[in-house]
Every structure is written in C-alpha cells, then in structure tokens.
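Novice: Sequence first, then the predicted structure, then my questions.
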Amino acid sequence: MNDTRKNLKRSVALLLLLAAGTLHDSFSNTAQAVVITISDGTTPSLFIQVGQANTITRVNFKVKAGDIAQGTPVSGNKNIDFYLYLRATAANPLTGFLTVDSSIPLSNGSGGTMPASEISWTSRDGSIPSGTFADTTNQPLASFTSSVEVTDQHSFEYRNQNAFEAGTYNGRVTYTWAAP
Amino acid sequence: MKVFIKPCLAFAALMVFAADGMAESHAISNRDNDGYKASARIKLRVVIPEVLLLRIDDATSGEDTLTFPSSVKVPTASGSLAVHTNTGPAASIATQRGTTAEMTYTAASL
C-alpha cells in the first residue's frame, strides 16, 4: 500500500515537472515547438505562418553569368505565403504590428557579405505591401486591428544592381507579429 | 512502479520530439511582458557565378566574325586547372574595326 502511494506521488511530481516545462516553452519568445493553446474565447491570441508549415522555407536566386550586376532583376524560385490572425474581444481590441528583421546580411561563408536590401518583394494582394528589406531589426510592414485574418503572397527579386564576389550567399530574415 | 512510470516516460519522449521536430516558420502566440508576440523566418540564398570576361578588340578593317572557344582553363590557387564554359552571348560575334567583342565564361562548379 505504501509502495503504491509512493509511486503515485512520484508520478504526480514527474507530471508536474513536465507540465512546468511545457508552460515555460509556451511563454518563451522563440516559437520552435508545438504550443497548445486552450482558449475560453475571451483570451486574445495571434498566429503567424510564413512559407510552409513546420519548416523554414528558402527562396533561391540564381544569377546568370551574363547578367551579373546588370540591373536585370532575378526572380526567386518560389513565392512565400503569409497567414496571420489576431483575435481579441470587441470590448478590448488589439492592434497587431508586422515587422521584419533583416539586419544580418547574407554571407558567402568566406568573408563576403551581401545586405538583405539587395532583395525586394511584390505583394500579390497588397495586404502586406510590396517593399525592400531595410537591413534593420524592426522594419514595419503592416498593422491590423483585431479581430482579423490576413493572407498574402510575396514574390521576391534579387535586384542585381551591384557587383558581389562570386559565391553562394545565405541568410535569414525574421518576421514578427506582435500586439503590444 | 512500472504502471506509472511508463506513461510518464512516453509523455516526456513526445515533448522532446515536438521540440526538435518543429521549426520557426509556424508559430502560435506567446504572452510576454510586452503583449502577444510570435515570429517566423524564411531563408534567402543568392548564387553569384564565378565569371571570366574575355574581350577581343577588333583592329582589322571591314566586318569580322570572331569565334570564341567553347571553354577555357584557368589556373586555380591550388595549382589545378578549372574549366570555365562559354556562356554567351553567342559562340561567335560579328564586329567592325574599332569595336570590342565580349564573351563570358562561367566556372563549372557554379
């Protein structure tokens, strides 16, 4: 009997530890895990998906030999879908701000860099307007008031106006959807 | 003991799998001190080919047709020869005296 109680106490303690770990993940800033939100309908929530779910989508630009730095834009090999929502009660509406961080330049792995501002995008729907990366940490893209669901698709272009050392330049940009 | 521990271990394994298997492009709101926030990322890759520009000045009179080789070999830092392929604009170019014909050659590795 005593063993059974001890076992029960240990199991409950382990479950509480796991639950605490899950809650910690839920409240951290970087979304990298499944977070299950149970809502009573009055708790605000927002969501963002850029590109394919469950992966980081990559857009490739391949410059032709005769086109280098000629000013002829080079289209990316795929378009990127955006899906965002922001939910809040009518009594306590929220405004969501979509920004992008493109402050870290693309790198060719051997010391060569390329600013993200060499890349522009065109909006299909205009919900998240066309523009060019600004090489900053907090470039405003759009804002929306709750409750709202936003979809759009961006097609990207490498502007191809400046000469860069030959190589393969890789980088990332981060979109942040926030309702202060 | 076994009755209780086994489900717990299975639950723990599921959480580890979820944390490792999901990426940042798919996010659900997080509450922090500033409000609600979620982030998603995309990768960008730009490939700039290594190119040689072969330029020939036409100093002869009349119209000439300059034919360029289909490939050239270029010494590398390691001492080997890298093949660069003719990538245009054409295999041959018509020129007049005093004009210049240019042909690009691109490294096979790119």
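Specialist: Happy to help now that I have it.
Novice: so what are the domain limits for chain A?
Specialist: Domain segmentation of chain A under automatic domain parsing yields A:1-33, A:37-178.
Novice: Sorry, wrong one. I was asking about chain B.
Specialist: Split by automatic domain parsing, chain B gives B:2-37, B:51-107.
Novice: Tell me where the chain has strands.
Specialist: Looking at chain A here, since you left the chain open. A:45-50, A:58-62, A:74-75, A:80-87, A:95-101, A:106-107, A:113-114, A:119-123, A:131-132, A:139-145, A:148-158, A:167-179 (DSSP state E).
Novice: my question was about chain B
Specialist: Using DSSP E, strands in chain B cover B:26-28, B:30-32, B:35-48, B:51-57, B:64-67, B:71-75, B:81-86, B:92-95, B:100-107.
Novice: Check whether stretch A:105-115 comes near chain B.
Specialist: Yes. Among the residues of stretch A:105-115, A:106, A:114 lie within reach of chain B under Cβ under 8 Å from any Cβ of the partner chain. C-beta here means a position set from N, CA and C on the backbone, and glycine is covered the same way.
Novice: List the contacts of that stretch.
Specialist: A:116, A:133, A:135, A:164-165, A:167-171, B:44-46 (Cβ atoms under 8 Å, 6 or more residues apart in numbering or on different chains).
Novice: one more time with 10 Å
Specialist: For stretch A:105-115, the external contacting residues (Cβ atoms under 10 Å, 6 or more residues apart in numbering or on different chains) are A:102-104, A:116-119, A:133-135, A:158, A:162, A:164-173, B:43-48.
Novice: Let's see the distance spanning that stretch from one end to the other.
Specialist: 4 Å (Cα to Cα, to the nearest Å).
Novice: Nearest to residue B:69 among the domains of chain A would be which one?
Specialist: Residue B:69 sits nearest to domain A:37-178 of all the domains of chain A, at 15.5 Å, using Cβ to Cβ.
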